[in-house]
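# What follows is a predicted structure for the sequence shown.
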Amino acid sequence: LLTAPIIKAGKDNVTILTPGLFGCKKISFQRPFSYGQQVKVFASFGHTVKSPTHRFGAAVWVESVSTGGFTVCVLEYGEGSKGSAEVNWIALQSTPLGSQLGTVALDPWTTGTECITINFEKRFKTSPTVLVSACHEILKRPQDAMAIWVKDLNKDNFKVCFRETKILDGLHKDIRMNWMAFTTLKVVNFTLTKTIMLNNASSKSHHSNHAYCQSINFTDPFYAPPVVVVTPKQGYINNLSDALPPQCSAITAWVEFTSRKDTKVCVRKYQGKEESNSATSVDYVVVGDLDPCLHVTCLFYGLCKAFGPHDARCVCLDLCPSLLEPVCSSNGTTYGNECLFKRETCLLRRNFTVQHPGRCEVFPFQRGRQHMPHIPTLGYSHCVVIHLKPYVFYPDKPIEVQITVNHIDTSDKSYVHDAAVSWVENTNYDRFTACVMAAGFNERESSANVTIDWVAYQGAPVGGLAGEKRISQWWTGTTCVTVNFPSKKFPSAPSVFVTAKHHHSGLKRDAASIWIEDVTQSSCKVCLRELQNYAGSHKDISVNWLAFMNLHKPPFSEHNVIHFINNRAPPDDQNNAFCKDVNFFHAYLTVPNVIVSANHSTKQGNLSPVHNGITPWVEYINRNGFRVCFKELYETKYDPLSIIYTVMSDLCQPGWDYFNGYCYFISSACTTWPNAETKCSKMHSNLVTVHNQEENVHLQHQHNGEGSWIGLNYRSVEGSFVWAKKGISSFRFWAANQPNNHTDQDCVHTLGSNNGYTWSVVSCNDCFKFTCFKDINECTVKSHRCDVNAASQLGLSVEDNAGTGGGGGSFVYTTSNTLLLAAGGGGGASGGYNGTNGQTRTTPHRDCNIYQTIRDANRKSSYKTRTDLCDDKLHVGWYRFVGAAGTKMPTNLVPSYRCGTVYSGWLNGSHLSVEDGEVDRRVCFSDYKNHCRGTTVIGVRNCGSYYIYKLRQPSLCRMRYCGTD
């Protein structure tokens with residue numbers, strides 16, 4: 001092909017003048033041919049725009065052909081093209097390989113149809129494809145316009161026939177006919193050649209407006225609509241001819257329209273009667289540059305865009321729709337829709353994927369307890385790989401771990417073990433390695449193995465911070481690094497937990513004690529001291545740190561600070577360690593996990609970190625409390641310090657898991673839908689009602705990505721799908737072609753992660769695992785430290801709801817989150833209803849005593865100042881509108897840009913009576929186009945003199961619940 005001749009090709013619009021429907025245009029080659037052989041041009045008529053009906057063709061010829069260009073002329077037939085006239089042309093100077101090229105001069109003639117025979121110089125092996133086109137020596141003579149076609153084509157010769165457009169229009173002379181015949185056309189440009197049949201015998205032909213047309217789909221798309229040159233050809237079926245004399249027939253062909261992917265070719269015949277054996281076909285040649293993106297694969301969701309016929313580049317999406325269909329990526333980031341995810345992934349050039357539909361979990365975590373296989377001894381590290389549950393963490397988001405050593409197996413509570421340091425290695429979204437090494441000589445005998453309590457997490461808890469800090473290389477002693485918190489993130493010093501992370505596994509020389517120095521509201525220092533001096537270079541070590549003030553529930557149920565004065569030496573009976581026994585705020589149903597961290601200050605003359613080393617650990621843990629111990633280096637004195645601890649427990653009863661305001665039971669065996677509902681009922685629960693996409697995804701993850709029953713089934717009485725717990729959740733996530741109309745399929749199950757978390761209707765007698773759920777009020781479980789008469793507010797204070805008697809007292813959260821009794825006494829009536837003159841009023845539901853209050857003035861539906869506030873960080877629970885926020889949620893449309901946000905949330909339903917109990921209501925979030933742009937379902941309860949609402953996080957930021965009077 002490198003030595004093959006070049007075909008120049010192009011498409012040009014021709015201005016047609018009326019009346020007369022005639023026009024010419026001079027066309028110059030972008031690069032002229034070399035001087036020498038004669039240039040031959042083949043041209044065909046076409047249209048630049050599509051039309052619902054087939055149009056008319058035209059007579060086309062060329063004039064003044066030279067190595068630099070030519071003139072093309074057009075005389076349109078019928079009604080004309082009405083401005084869409086286009087000429088497709090190809091030009092060549094030498095004969096392509098496998099082709100024969102020639103020119104024949106026509107004898108002068110006056111009128112009618114004429115045919116001449118053209119013999120090939122060399123016989124073809126098969127009948128070739130033929131192109132013919134006229135070239136006029138006398139310029140701009142529409143009288144010489146003619147229809148041209150091929151007839152009786154065979155391996156040796158063919159006839160070219162022509163008929164004047166307008167009969168008796170004078171003498172026609174000085175006209176040449178260019179022709180090219182080939183079986184395989186080999187040129188540098190990409191070409192496509194073929195023959196199509198266009199008449200009644202062709203089932204693919206479309207007959208309209210006395211024209212036969214057929215669409216041709218290109219195998220591969222072109223960079224731009226290619227050049228298509230056509231020549232009509234007349235043949236006969238079974239070689240039998242009963243054709244009319246040549247003077248009574250004429251055929252013309254044109255290109256109806258061409259795109260990058262297809263073209264439509266048409267013919268029209270003039271003849272006295274239909275020839276039963278005639279077979280009209282069209283030989284065509286397509287010349288153009290294929291789309292350069294054909295064999296280009298773009299990474300990171302990029303799209304290939306052609307900037308030229310040979311210039312393909314991968315680009316990112318420019319625009320995305322405003323459609324609100326959140327998706328969660330594999331790096332734990334929520335995007336408004338999949339297009340936005342693909343665009344940002346492309347811009348970042350990262351191999352992220354869509355993990356699941358709906359929003360990501362804010363703080364995915366998993367906690368546990370791991371018993372080490374051996375008792376740690378000096379100079380020997382013990383490591384164990386801890387496998388994490390599937391579908392908990394996002395594969396492309398960093399995972400961090402906090403661990404604490406304990407001796408929960410100890411039967412003798414008075415026994416104090418040697419200090420042991422711990423660290424993690426090889427952290428991944430599905431596993432990590434935990435290691436322990438003894439800090440003492442371990443000369444005393446002990447049968448208690450070491451245990452590790454751990455929590456793995458991604459991101460930070462709501463209101464908290466988390467991160468990983470790299471430690472610079474050091475050789476001996478102590479090294480410290482500063483962690484800075486964002487300005488005004490914490491109003492006072494937060495609780496900080498730290499764990500060392502080794503990037504080179506198996507290097508026991510990197511074992512080190514780790515603690516915190518000088519915690520303030522804006523920063524802290526993380527310090528490490530090698531376990532053995534002069535152990536060598538320590539590098540590629542980092543620290544996972546976690547800081548917060550308020551509890552994120554779950555997993556944290558309580559946290560506090562234990563102060564050690566350390567004004568004397570540690571007692572011998574405690575193995576020269578400082579220890580204290582700590583009581584939990586209440587007894588837990590099961591033994592919780594405990595994480596501790598040491599906090600030292602250099603103020604008031606205390607030691608500099610370079611002269612210190614602190615290792616904390618936990619001895620025993622039970623349901624009521626634990627013992628915490630630590631050892632500290634001695635230099636002239638022991639320094640006072642504090643141990644920060646946090647307790648992790650379940651909000652739900654054993655065997656149940658908490659998520660977003662509900663407790664869920666995940667079955668391990670399959671059963672039918674009716675049996676599943678019965679089993680749930682026996683546990684005082686129901687088959688699960690799914691309220692939103694986040695809950696839908698979470699439930700299917702709890703089943704390890706497999707399908708399971710949900711509480712939706714078809715009730716013939718209602719004539720619709722109804723939840724087992726009579727709720728009004730409108731959330732549905734059907735698979736394609738679901739629900740179906742099969743009479744024996746009435747129950748709904750999820751299809752699992754491999755099927756996009758969608759739902760399907762199946763027979764109720766099928767066997768699937770199932771999920772039960774029941775509501776939980778976080779303030780009523782013992783792991784929550786609200787007083788029985790207290791309603792937790794959005795701020796730090798807690799109101800007394802017990803009435804004027806103040807029987808519940810008034811409570812304040814201190815910076816360490818310890819509940820301090822500020823005032824108390826009296827014996828007021830409980831439950832929010834006061835006893836008056838000895839009369840007793842009905843006590844409302846317990847939910848009416850425990851709620852959070854919303855009192856911001858910008859919550860009011862009449863508030864019009866836009867501040868883009870969001871409820872996407874809202875904790876699930878009961879809320880009451882009070883004060884400047886109003887007294888209840890509006891039940892009428894609230895326009896957008898109210899309540900301090902963009903999408904204003906209003907209750908799409910009425911408030912009911914006290915006797916109705918808790919009811920589900922849909923909340924609509926309005927924008928300027930749609931009164932219900934987004935929705936969510938909340939709980940509503942009438943408490944007599946006020947309403948409370950069980951609010952959940954909306955599906956998008958800039959959505960906010962409104963209040964009114």
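Cool, got the structure.
# can we go C-alpha only for contacts and neighbour counts from here?
Noted.
# any weak-confidence spans in the stretch 701-850 of the chain?
716-718, 777-844 (pLDDT under 70).
# Please enumerate the strands of it.
Ranges of strands within the stretch 701-850 of the chain are 709-715, 720-723, 747-750, 759-762, 771-775, 790-792, 797-800, 810-813, 819-823, based on DSSP state E, counting those that start in this stretch.
# between the first one and strand 771-775, how big is the angle?
When axes from the mean of the first three to the mean of the last three CA atoms, to 10 degrees is applied, the directions of strand 709-715 and strand 771-775 differ by 90 degrees.
# mind checking how far strand 709-715 is from the chain centre?
Distance, stretch centre to chain centre, for strand 709-715: 28 Å (CA atoms, centre = their mean, to the nearest Å).
# swap in the fifth one?
Its chain's C-alpha centre lies 29 Å from the corresponding centre of strand 771-775 when counted by CA atoms, centre = their mean.
# Show the average pLDDT along whichever strand or helix holds residue 368.
Using DSSP states H and E, the element containing residue 368 is strand 365-371. Averaging the model's pLDDT scores along strand 365-371 yields 95.
# Show me what secondary structure element comes after that strand.
Criterion used, DSSP H and E; the element after strand 365-371 is strand 381-387.
# just the angle between whatever helix or strand comes next after that following strand and strand 365-371, please?
Proceeding N to C from strand 381-387, the next assigned helix or strand is strand 400-406, under DSSP H and E. Calculated by the same axes, to 10 degrees, strand 400-406 forms an angle of 30 degrees with strand 365-371.
# what does strand 400-406 rub up against?
420-424, 427, 434, 436, 450-458, 467-468, 497-499, 544-545, 594-596, 617-621 (CA atoms under 8 Å, 6 or more residues apart in numbering).
# The next helix or strand after that strand pairs with which strands?
Per DSSP H and E, the first helix or strand lying C-terminal to strand 400-406 is strand 420-425. Applying DSSP bridges, strand 420-425 is found paired with strand 431-438 (antiparallel), strand 495-502 (parallel).
# partners of the strand holding residue 368, with directions?
strand 451-457 (antiparallel).
# Can you tell me what sits against the partner strand?
363-372, 393, 399-409, 593-595.
# Now do that strand against strand 381-387, angle only.
Using the same axes, to 10 degrees, strand 451-457 lies at 50 degrees relative to strand 381-387.
# for strand 451-457, what is the average pLDDT?
Strand 451-457 comes out at a mean pLDDT of 96.
# Could you do stretch 311-318 as well?
So the average pLDDT for stretch 311-318 ends up being 93.
# in it, what's buried?
312-317 (16 or more other CA atoms under 10 Å).
# Please apply the same query to stretch 579-597.
Buried, per 16+ other CA under 10 Å, within stretch 579-597: 579, 584-585, 588, 591-597.
# Next step: those restricted to strands.
Counting by DSSP state E, those place 579, 593-597 in strands.
# export these to CSV and tack on distance to residue 686 and pLDDT?
Output for those, formatted as CSV (distance: CA to CA, whole Å; pLDDT from 0 to 100):
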residue, distance to residue 686, pLDDT
579, 47, 94
593, 30, 97
594, 33, 98
595, 35, 97
596, 39, 97
597, 42, 97
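# Which two among these are spaced furthest apart?
579 and 593 (18.4 Å; CA to CA).
# related to what we said a few turns ago, hey, least reliable of the strands paired with strand 420-425 by pLDDT?
strand 431-438 (a mean of 92).
# what's in contact with that strand?
Strand 431-438 is contacted by residues 376-388, 403, 405, 418-427, 511 when judged by CA under 8 Å, 6+ apart.
# Quick check on these: which are buried?
376-377, 381-384, 386, 388, 403, 405, 418-425, 427, 511.
# what about the stretch 551-700 of the chain, any weak spots by pLDDT?
Checking the stretch 551-700 of the chain against pLDDT under 70 turns up 634, 636.
# hang on, the earlier thing: quick one, which of the contacts of strand 451-457 are buried?
Buried among the contacts of strand 451-457 (16+ other CA under 10 Å): 363-367, 369, 371-372, 393, 399-409, 593-595.
# okay, and for the stretch 251-400 of the chain, where does confidence drop off?
For the stretch 251-400 of the chain, the ranges with pLDDT under 70 are 271-277, 374-380.
# Tell me where it has strands.
262-271, 278-288, 303-308, 311-315, 327-329, 334-335, 354-357, 365-371, 381-387, 400-406.
# wait, which of these is closest to residue 133?
strand 278-288 (12.7 Å).
# quick one: that closest one to strand 262-271, angle?
Going by the same axes, to 10 degrees, strand 278-288 makes 150 degrees with strand 262-271.
# how about the strands paired with strand 420-425 in TSV, adding mean neighbour count and distance to residue 21?
As requested, those are exported to TSV (neighbours: other CA atoms under 10 Å; distance: least, CA to CA, whole Å):
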stretch	mean neighbour count	distance to residue 21
strand 431-438	22	79
strand 495-502	26	84
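# Mind checking those strands for the one nearest to residue 860?
strand 495-502 (35.3 Å).
# Now the element after that closest one, going C-ward?
Defined by DSSP H and E, the subsequent element after strand 495-502 is strand 512-517.
# what's that following strand packed up against?
strand 420-425, strand 495-502, strand 523-530, strand 593-600, strand 614-621 (3 or more CA pairs under 8 Å, 6 or more residues apart in numbering; DSSP states H and E).
# Could you export the first one as CSV, CA atoms only?
Only the C-alpha atoms of strand 420-425 are listed here, as CSV (Å, rounded to 0.1, in the frame of the first residue of the first chain):
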residue,chain,number,x,y,z
ALA,A,420,3.9,-5.5,75.9
VAL,A,421,4.1,-3.2,72.9
SER,A,422,1.9,-3.7,69.8
TRP,A,423,1.8,-2.6,66.2
VAL,A,424,0.1,-3.5,62.9
GLU,A,425,1.4,-4.5,59.5
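# what does the average pLDDT come to for it?
93.
# now that strand against strand 614-621, angle please.
Using the same axes, to 10 degrees, strand 420-425 lies at 100 degrees relative to strand 614-621.
# Contact partners for residue 608?
residue 602.
# can you rerun that using 10 Å?
517, 600-602 (CA atoms under 10 Å, 6 or more residues apart in numbering).
# Among the residues you listed, the buried ones, what's the ChimeraX command?
Buried residues within these, by 16+ other CA under 10 Å, are selected in ChimeraX with:
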select :517,600,601
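# could the contacts of residue 608 go into CSV alongside distance to residue 898?
Listed next are those as CSV, based on distance: CA to CA, whole Å:
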residue, distance to residue 898
517, 46
600, 48
601, 48
602, 51
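# Go through the contacts of residue 608 and name the one nearest residue 259.
residue 517 (71.1 Å).
# And residue 345, how close does it get to residue 109?
Residue 345 sits 71 Å away from residue 109, going by CA to CA, to the nearest Å.
# And residue 911, by the same measure?
In terms of CA to CA, residue 911 sits 96 Å off from residue 109.
# More neighbours: which of those two?
Taking other CA atoms under 10 Å, residue 911 and residue 109 do not tie; residue 911 has more neighbours (18 against 13).
# could you measure that one against residue 877, distance?
18 Å.
# ok now do residue 548, which residues does it touch?
So residue 548 contacts 460-466, 489-490, 493-497 (CA under 10 Å, 6+ apart).
# List only those of those flagged as buried.
460-462, 464-466, 490, 493-497.
# mind putting those residues in JSON lines, distance to residue 154 included?
JSON lines is the format used below for the buried ones among the contacts of residue 548 (distance: CA to CA, whole Å):
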{"residue": "460", "distance to residue 154": "81"}
{"residue": "461", "distance to residue 154": "83"}
{"residue": "462", "distance to residue 154": "83"}
{"residue": "464", "distance to residue 154": "86"}
{"residue": "465", "distance to residue 154": "84"}
{"residue": "466", "distance to residue 154": "83"}
{"residue": "490", "distance to residue 154": "92"}
{"residue": "493", "distance to residue 154": "96"}
{"residue": "494", "distance to residue 154": "94"}
{"residue": "495", "distance to residue 154": "94"}
{"residue": "496", "distance to residue 154": "92"}
{"residue": "497", "distance to residue 154": "90"}
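# Cool, thanks, talk later.
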